[in-house]
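Visitor: show me how the following folds:
(2 chains)
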Amino acid sequence: MLVLFGMPVIQLIIFGFAITTEVRNAKIAVLDNSKDEITQLLINRIESTEYFQIERTINNSDQIESAFKSGKIKLAIVFQPNFQNELLHTNKAQIQILSDATDPNQATTLANYVSAVVMDYQNELMELNKIPLTIDTELRMLYNPQLKGAYTSVPGVMGLILLLVSAMMTSISVVREKEFGTMEILLVSPMKPWLVIISKAIPYFILSIVNVATILLLSTTLLDMPIHGSLFLLTLVTVLYILCALSLGLLISTITNSQLASMLISLVGLMLPVVMLSGYAFPIANMPDILQWIANLSPAKWYIIIIKNVMIKGVGPEGIWKETIVLAAMTAVFILISIKRFKIRL
Amino acid sequence: MTNETVIKTEDLTKRFGDFTAVKKISFEVKRGEIFGFLGANGAGKTTAMKMLIGILKPTSGNAKIAGFDIYNQTEQIKKNIGYMSQKFSLYEDLTIMENVQLFAGIYGLSDDEIKQRSSELIHKLNLQNQADKLVESLPLGWKQKLAFSLAIIHNPRIVFLDEPTSGVDPITRRQFWNMIYEAASNGITVFVTTHYMDEAEYCNRITILVDGVIKALDSPAALKEKYNTSSIEDVFVLLARGAKRND
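Guide: So this is what the prediction gives:
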């Protein structure tokens, strides 16, 4: 009942607020090599839009590079030295826009916002000075120069498939035993309960590994998706994510008693957030706080960040440890709650 | 039946919040005995049984199963008991033979034992021609016999049967009770819950549970004599008249 009445409300809110490809409050860095009046003015204009938030602490190109890698910024603007002089004397000046194209849509949208602001200013100057001025905006799409959609869809699909296969199938198969009453027999048998649970989870673990291998093989051969980082690291975090999903499945199985209910919970509770809130389809940064908060609860969000960092940006362990810890902590919490619920039931 | 006590409970109690499902039940069961647990739905039969087989922790009281304590020796208890639930739980999507081998393995038999016992079991049940069929294709009565045979495949000291005959026709029930007698004569103690009063007559001793409390415990003949009735059903009606729970 709650599901039936609550669903339209939740969907409306999610679709209305979250499901927009418009980007607001994106974190950017500005490297002003000129520090003159015009660059200052442009920076102010860019900042006064609701789209950007400038990270003041980033002041050189090394910092920009590491900020991109850690995902701290989505875009960086670099002014050439002597910007104002060049512009007023040679009628030409250059701005470089670096955009994190691991999410091509977002990268393009953000770059367009910046270009629009710059273009506006250029036109104003032209009208004022009656001379043809050009501010060249040189756009560089980092990590994904060809703006391939696969760069977002592959990590997204991995996050989704693994969560669904592991969590949904595990919960269904455990609940199935409960429904048929065989779980009771297993618990009364000399077999240890944890052994019962592990043996229920192993097939789906293997299945998930096969799925990952297939996805990676297809995406590298068919979609030209690179694996810039270490394959070993990728495998390691994927195994962690699968374990997280399996333990989530066990948790679901301890709170439901029918296959139908566990399937519904898995689909509504897992698939919906993964598709809408994991940052896979729609940027998280411009969702309302409450949805951002909910998005944090989805293991998929963290996994997708890790995968993108490792596969596309080629980041090593130092760049993903935070997300990895979150996943590990989630796994531990899921397992602990499951054990607790399991014992209460007995 | 011998004099060896295999189940002994003292003031066993289970409360769920304010609700006392089983209240201070005490009894003893001897080896090879067929011990019946009678009660209306909701009287606490299943709860009591779940405490004895180690999947439900009692609120208070003590019990020893096959000499092992139900609080901290559940591992040993599980090695010495068999259990058959109301649903005759088998894996419907596996074949008969696969079920037999699976359960034999779960109960910890060695590979040789599994081979030997499973072929014995299939022969005994006369299922040679159907061993490769899925369990879901079996009639209910056969599933029940198979489930019982599996519950005792590892020669447990006690077998617990939770309403083993619900939904089965009288002839099959009769055949089923023959299997129970055979198991008991082999020294397996049978603890059975039922709400069929005629089945109560087949037991060596019965307990009548009303609202979680033991109202009577004796052989069927002695109970009939004591309450001066011709059937256990009358005894039961007499005792259960004051029951408050019913669902």
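
Visitor: tell me who's in contact with the residue of chain A found nearest chain B.
Guide: Closest to chain B within chain A is A:G181: 3.5 Å, counting by Cβ to the nearest Cβ. Heads up, the C-betas are built off the backbone N, CA and C, glycines and all. Residues near A:G181 by Cβ atoms under 8 Å, 6 or more residues apart in numbering or on different chains: B:85-87, B:89.

Visitor: among those residues, which pair sits farthest apart?
Guide: B:Q86 and B:S89 (8.6 Å; Cβ to Cβ).

Visitor: more neighbours: which of those two?
Guide: Between B:Q86 and B:S89, counting by other Cβ atoms under 10 Å in any protein chain shown, B:S89 is the more crowded of the two (21 against 16).

Visitor: and that one, which of the three is it?
Guide: For B:S89, the assignment made with DSSP: H, G, I helix; E, B strand; the rest coil gives coil.

Visitor: pop out the phi and psi values for it.
Guide: Per-residue torsions, B:S89: phi -60, psi 110 (degrees, to the nearest 10).

Visitor: for the residue nearest to A:S166 when sequence neighbours are not counted, the count of nearby residues, please.
Guide: Leaving out its chain neighbours, the residue that sits closest to A:S166 by Cβ to Cβ, 6 or more residues apart in numbering or on different chains is A:A245, at 3.5 Å. Burial measure for A:A245: 33 neighbouring residues, criterion other Cβ under 10 Å.

Visitor: would you say A:A245 is within a helix?
Guide: Yes: A:A245: assigned to a helix according to three-state DSSP.

Visitor: buried set for stretch A:214-231?
Guide: Within stretch A:214-231, the residues that count as buried by 16 or more other Cβ atoms under 10 Å in any protein chain shown are A:215-216, A:219, A:225-226, A:229.

Visitor: and the strands in chain B, which stretches?
Guide: B:5-16, B:19-30, B:34-39, B:60-65, B:68-69, B:81-84, B:158-162, B:189-194, B:205-210, B:213-218 (DSSP state E).

Visitor: so where is the stretch 51-200 of chain A shaky, pLDDT-wise?
Guide: Applying pLDDT under 70 to the stretch 51-200 of chain A flags no residue at all.

Visitor: up against chain B, what does it have?
Guide: In this structure, the stretch 51-200 of chain A approaches chain B at residues A:180-182, A:184-191, judged by Cβ under 8 Å from any Cβ of the partner chain.

Visitor: give me the subset of those residues lying in helices.
Guide: Assigned to helices by DSSP state H, the following of these qualify: A:180, A:182, A:184-188.

Visitor: top of those by number of neighbours, please.
Guide: In terms of neighbours by other Cβ under 10 Å, these top out with A:I185 at 26 neighbours.

Visitor: isn't that one right next to B:Q86, touching?
Guide: No: judged on Cβ atoms under 8 Å, A:I185 makes no contact with B:Q86 at a distance of 11.6 Å.

Visitor: in chain B, which helix is the longest?
Guide: The helix that spans the most residues within chain B, counting by DSSP H, is helix B:170-185.

Visitor: export that helix to PDB, keeping only CA atoms.
Guide: What follows is helix B:170-185, C-alpha atoms only, in PDB (Å, rounded to 0.1, in the frame of the first residue of the first chain):
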ATOM      1  CA  PRO B 170      -6.200 -41.300   5.400                       C
ATOM      2  CA  ILE B 171      -4.600 -44.200   3.600                       C
ATOM      3  CA  THR B 172      -1.400 -42.400   3.100                       C
ATOM      4  CA  ARG B 173      -1.500 -41.300   6.700                       C
ATOM      5  CA  ARG B 174      -1.800 -44.900   7.800                       C
ATOM      6  CA  GLN B 175       1.200 -45.900   5.600                       C
ATOM      7  CA  PHE B 176       3.100 -43.000   7.000                       C
ATOM      8  CA  TRP B 177       2.400 -44.100  10.600                       C
ATOM      9  CA  ASN B 178       3.800 -47.500   9.700                       C
ATOM     10  CA  MET B 179       7.000 -45.800   8.700                       C
ATOM     11  CA  ILE B 180       7.000 -44.000  12.000                       C
ATOM     12  CA  TYR B 181       6.600 -47.300  13.900                       C
ATOM     13  CA  GLU B 182       9.400 -48.800  12.000                       C
ATOM     14  CA  ALA B 183      11.700 -45.900  12.800                       C
ATOM     15  CA  ALA B 184      10.700 -46.200  16.500                       C
ATOM     16  CA  SER B 185      11.400 -49.900  16.600                       C
END
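
Visitor: list the helices and strands that helix packs on?
Guide: strand B:34-39, helix B:140-151, strand B:189-194 (3 or more Cβ pairs under 8 Å, 6 or more residues apart in numbering or on different chains; DSSP states H and E).

Visitor: which residues touch that helix?
Guide: The contact list for helix B:170-185 (Cβ under 8 Å, 6+ apart) reads B:32-34, B:140-141, B:144-145, B:148-149, B:152, B:159, B:161, B:164-165, B:168, B:190, B:192, B:196, B:199, B:202.

Visitor: tell me which parts of chain B are close to chain A?
Guide: Contacts of chain B with chain A, taken as Cβ under 8 Å from any Cβ, map to B:53-57, B:75, B:78-79, B:81, B:83, B:85-87, B:89-92, B:103, B:106-108, B:160.

Visitor: again, 6 Å this time
Guide: B:53, B:55, B:78-79, B:83, B:85, B:87, B:89, B:106-108 (Cβ under 6 Å from any Cβ of the partner chain).

Visitor: give me the lowest-pLDDT entry from these.
Guide: Across the residues of chain B next to chain A, the bottom pLDDT score, 79, is held by B:K87.

Visitor: that residue: neighbouring residues, count only.
Guide: If we define neighbours as other Cβ under 10 Å, then B:K87 has 18 of them.

Visitor: find the residue closest to it in space, skipping its chain neighbours.
Guide: Among residues not flanking B:K87 along the chain, A:G181 sits closest, at 3.8 Å (Cβ to Cβ, 6+ apart).

Visitor: what about B:R241, neighbour count?
Guide: Neighbour count of B:R241, defined by other Cβ under 10 Å: 8.

Visitor: so how far is A:T57 from the closest residue in space to A:V188 that isn't next to it in sequence?
Guide: Nearest non-adjacent residue to A:V188, counting by Cβ to Cβ, 6+ apart: B:Y83, 4.2 Å away. To A:T57, B:Y83 is 66 Å away according to Cβ to Cβ, to the nearest Å.

Visitor: and those two? which has more neighbours close in?
Guide: B:Y83 (26 against 9).

Visitor: isn't the more buried one right up against B:D162?
Guide: No: B:Y83 is beyond contact range of B:D162, at 7.6 Å (criterion: Cβ atoms under 6 Å).
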